[in-house]
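**Student:** heads up, no residue letters with this:
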């Protein structure tokens with residue numbers, strides 16, 4: 001056996017060993033928000049009412065009117081709008097404001113559906129240790145598979161399967177694993193039979209090895 005052949009075989013062995021072993025020390029951490037997370041609502045100060053605004057405006061106008069000794073009472077009477085006109089104008093504005101408020105209340109904005117946890121289960125180790133839970137979540141009009149407080153070792157080309165069995169004979173591939181540590185969301189197709197595909201598998205594709213699983 002030539003030395004050249006030995007060198008080539010050794011290099012190939014090192015490459016394979018690196019491919020198999022290096023992912024074990026590669027921790028990928030990701031923390032995504034829980035689906036449908038709520039944001040804080042800050043209440044703003046209430047706006048003054050129409051009656052308060054009208055009263056304040058009239059008081060301010062009276063206070064700012066300059067006094068003139070030459071102005072008679074009849075001049076003031078002629079230049080001052082009648083009470084009927086003020087009442088009619090205020091009533092008209094108030095009526096329009098109330099009508100706009102009624103229209104706004106009668107057509108509320110659509111609210112998102114509440115988030116529901118349809119099923120959940122702890123991960124169970126198979127070939128490698130694992131921690132965390134798998135949650136099947138209904139959020140708005142879509143379903144999401146969430147890994148909560150998840151942690152496992154990495155491996156070559158790990159994928160997430162929804163499977164009908166633990167041998168991955170009949171499964172739906174959700175794609176490569178997004179993280180080996182943290183809280184991660186996987187969007188699910190809309191036409192899945194969850195009674196059938198109820199096994200969540202962390203699967204090593206090249207070697208067809210089950211790392212861990214959770215039964216929903």
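**Tutor:** That came in fine, so what should we check first? Keep in mind that what you see is a predicted model, and the values were worked out from it rather than measured.
**Student:** Every contact and neighbour count from this point should use C-alpha atoms.
**Tutor:** Will do.
**Student:** tell me which element residue 179 is part of?
**Tutor:** Here residue 179 sits in a region with no helix or strand, counting by DSSP states H and E.
**Student:** isn't it right next to residue 28, touching?
**Tutor:** Yes. Judged on CA atoms under 8 Å, residue 179 makes contact with residue 28 at a distance of 4.9 Å.
**Student:** residues near residue 142, how many?
**Tutor:** Using other CA atoms under 10 Å, residue 142 is surrounded by 11 other residues.
**Student:** quick one, which of residue 179 and residue 28 is more surrounded?
**Tutor:** Neighbour count, other CA under 10 Å: between residue 179 and residue 28, residue 179 has more, with 19 against 16.
**Student:** Low-confidence stretches in this protein?
**Tutor:** 1, 3-25, 38-113 (pLDDT under 70).
**Student:** can you rerun that using 80?
**Tutor:** Applying pLDDT under 80 to the chain flags residues 1-25, 37-113.
**Student:** Tell me where it has strands.
**Tutor:** 29-31, 116-122, 124-125, 130-139, 142-152, 158-163, 171-176, 181-187, 199-204, 209-215 (DSSP state E).
**Student:** Buried deepest among those, which one?
**Tutor:** When you average the neighbours per residue for each of the strands of the chain (mean count of other CA atoms under 10 Å), strand 199-204 leads with a mean of 24.
**Student:** Could you list every helix and strand in contact with that one?
**Tutor:** strand 158-163, strand 209-215 (3 or more CA pairs under 8 Å, 6 or more residues apart in numbering; DSSP states H and E).
**Student:** To residue 37, which of the strands of the chain lies closest?
**Tutor:** Comparison of the strands of the chain against residue 37 by CA to CA identifies strand 130-139 as nearest, at 10.0 Å.
**Student:** Just checking: what are the partner strands of the closest one?
**Tutor:** Strand pairing for strand 130-139, using DSSP bridges, gives strand 116-122 (antiparallel), strand 142-152 (antiparallel).
**Student:** now the angle from the last one to strand 181-187?
**Tutor:** So that's strand 142-152. Orientation check (axes from the mean of the first three to the mean of the last three CA atoms, to 10 degrees): strand 142-152 against strand 181-187 gives 160 degrees.
**Student:** Equivalent analysis for the first one, please.
**Tutor:** If you take the same axes, to 10 degrees, strand 116-122 sits at 130 degrees to strand 181-187.
**Student:** can you tell me how far residue 157 sits from residue 169?
**Tutor:** Distance of residue 157 to residue 169, computed by CA to CA, to the nearest Å: 18 Å.
**Student:** what does residue 35 give?
**Tutor:** 30 Å.
**Student:** Name the residue in these two with the higher neighbour count.
**Tutor:** residue 35 (17 against 8).
**Student:** mind listing what the more buried one touches?
**Tutor:** Taking CA atoms under 8 Å, 6 or more residues apart in numbering, we find residue 35 in contact with 115, 137, 139, 144.
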